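[1] Everything below, folded, please.
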Amino acid sequence: MSRSDAPQPSWRQLGQHAVFPKATHDEVARFDFLMRLNMHLSQAVLPGVKLAYESRVKPAFVAAHGREPADRHEVRRAMQKDLHYQLWSALRRNTMEQRQQAGRSIVYRQLGALRDAADQLNDGAATLKLDPAIRSPRYATAVDIHCMPGNYHTEEVPRDIGAGANYDAGLFITTAGALGSYSDGGGQALVDWLRQNRPDFKPRRILDIGCTIGHNAVPLAQAFPDAQVVAIDTATPVLRYGHARARSLGVHNIEFRQASGEAVPAGDGEFDLVTTAMFWHETSSTAMPRIMKEIHRVLKPGGLTLHLEQPQYAGMAPFEAFMRDWDAYNNNEPFWTAMHEVDLDALVVNSGFPKGAYFETTMQAKVDRRLFPAPTGTEAGSQEDYGRTPRWTAFGAQKPQEARA
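    Now for the predicted structure:
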């Protein structure tokens, strides 16, 4: 059974916790419609974009220039005139805008109750450390990232958690459940990679930078229950929500702290593991080296840093790079294009890691059986089975052990 033929999950199947919004029948129907529209665009409309390029746009470019497009920018300028691409791109942008509208609608009609539930979990907790002196950097506030009004940081009311609740509720629409019923597929992938590739690695102190609602930090805390996880972000609403979310899921070994990755509030060599998940493409190119230097500083000798991201463009065919670059021009992701051109090996080495410390790998999200039961005739764990979940690029580095005297 192909993914397009398989029964699609419903928003009502998502995992529930104390601060997750409650939906009416019509609200669930709206979430499900938008998710299925996204799937239709991906499975039925998107293949026509490449067909349009190969059959119309590229031949016209070659006829006019005597060569094929040299890079993704030339592909983009040519494709912007194609009607099929315009249709797909406009509908994809529209579904993202509607995702945010649907999320905010469900959250703000019950914000009082959600905020009260969060307060019960957060009040007096030593594991939530907010600092009003911390401000989100300009690169995180200049635009509404992926069309989210007010971004991660805006507070509409005192003790607001709305941005976090909206983000949590709406991820299903754009991922079609592929991140799992708790949208924690990134964190689960990090855990699985560590178990498979570093089976003896038992970190005692873990730092997650740019944690938002903690959906990728929680699996780390669950996988290493004896570890202390510190999850940092500069945005107050997502920290309040993330802390309450973690506690309602029974996870108490995470400290949610308002702080910047450019100035981590920790001493040298405090952490065995430093992680991020889909963080760098929302970070400015000027901040990246400062953050990586901080990662090197706070890592213990022998410590590991591991980062889940989209692949870099180096060596990628111009059309593929153009398609991956869509978010930079159409989804309010202004740092996407620059980040995916960065020489990550050089970034790591220039931050203090030795040559050869950098590595690249791939990670696979788990199939969540609550959303995707094993299809008849498909072996669990097979390539067909795991075709239902995202596969990401990841990069990292290990800090050398200190030389013995």
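
[2] Every contact and neighbour count from this point should use C-alpha atoms.
    OK.

[3] now for the one helix or strand Arg36 maps to, which elements pack on it?
    Here Arg36 sits within helix 25-40, counting by DSSP states H and E. Counting by 3 or more Cα pairs under 8 Å, 6 or more residues apart in numbering; DSSP states H and E, the packing neighbours recorded for helix 25-40 are helix 83-108, helix 162-175.

[4] now the angle from the shortest one to helix 25-40?
    Just to be clear, that refers to helix 162-175. Taking axes from the mean of the first three to the mean of the last three Cα atoms, to 10 degrees, one finds that helix 162-175 is oriented at 50 degrees with respect to helix 25-40.

[5] In the helix or strand that comes right after helix 162-175, which residues are buried?
    Next in sequence after helix 162-175, counting helices and strands by DSSP H and E, comes helix 185-197. For helix 185-197, burial by neighbour count (16 or more other Cα atoms under 10 Å) applies to Gly185, Gly186, Gly187, Gln188, Ala189, Leu190, Val191, Asp192, Trp193, Leu194.

[6] Give me the nearest residue to the last one, chain neighbours excluded.
    I take that to be Leu194. Leaving aside its chain neighbours, Leu194 sits nearest to Phe201 (7.5 Å; criterion: Cα to Cα, 6 or more residues apart in numbering).

[7] Do you have the helices of the stretch 201-350 of the chain handy? List them.
    In the stretch 201-350 of the chain, the helices defined using DSSP state H, counting those that start in this stretch lie at 217-223, 236-248, 287-298, 318-324, 326-330, 336-339, 344-350.

[8] Which of these has the highest mean neighbour count?
    Greatest average neighbour count among the helices of the stretch 201-350 of the chain goes to helix 236-248 (a mean of 27), per mean count of other Cα atoms under 10 Å.

[9] mean confidence score for the following helix or strand past the helix holding Arg36?
    Note on helix 25-40: by DSSP H and E, the next helix or strand toward the C-terminus is helix 46-52. Average pLDDT, helix 46-52: 98.

[10] Among the helices and strands packed on helix 25-40, show me which one is buried the most.
    Scoring those by mean neighbour count under mean count of other Cα under 10 Å gives helix 162-175 as the most buried, with a mean of 24.

[11] Can you name the residues in contact with that one?
    Here helix 162-175 makes contact (Cα atoms under 8 Å, 6 or more residues apart in numbering) with 11, 19-21, 31-32, 34-35, 38, 96, 99-100, 102-104, 107-108, 111, 150-156, 178-179, 183, 212-213, 237-239, 241-242.

[12] hey, C-alpha coordinates of it in PDB?
    C-alpha atoms of helix 162-175 as PDB (Å, rounded to 0.1, in the frame of the first residue of the first chain):
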ATOM      1  CA  GLY A 162      -0.800  31.200  22.900                       C
ATOM      2  CA  ALA A 163       2.200  31.000  20.600                       C
ATOM      3  CA  GLY A 164       3.300  27.700  22.000                       C
ATOM      4  CA  ALA A 165      -0.300  26.200  21.900                       C
ATOM      5  CA  ASN A 166      -0.800  27.400  18.300                       C
ATOM      6  CA  TYR A 167       2.500  25.900  17.200                       C
ATOM      7  CA  ASP A 168       1.800  22.600  18.900                       C
ATOM      8  CA  ALA A 169      -1.800  22.400  17.400                       C
ATOM      9  CA  GLY A 170      -0.800  23.300  13.900                       C
ATOM     10  CA  LEU A 171       2.300  21.100  13.200                       C
ATOM     11  CA  PHE A 172       0.000  18.300  12.300                       C
ATOM     12  CA  ILE A 173      -1.300  20.200   9.200                       C
ATOM     13  CA  THR A 174       2.100  20.600   7.600                       C
ATOM     14  CA  THR A 175       3.600  17.300   8.700                       C
END
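
[13] how close does Ala18 sit to Arg138?
    32 Å (Cα to Cα, to the nearest Å).

[14] Sorry, slip of the keys, the one I care about is Ile232.
    Separation of Ile232 from Arg138 (Cα to Cα): 17 Å.
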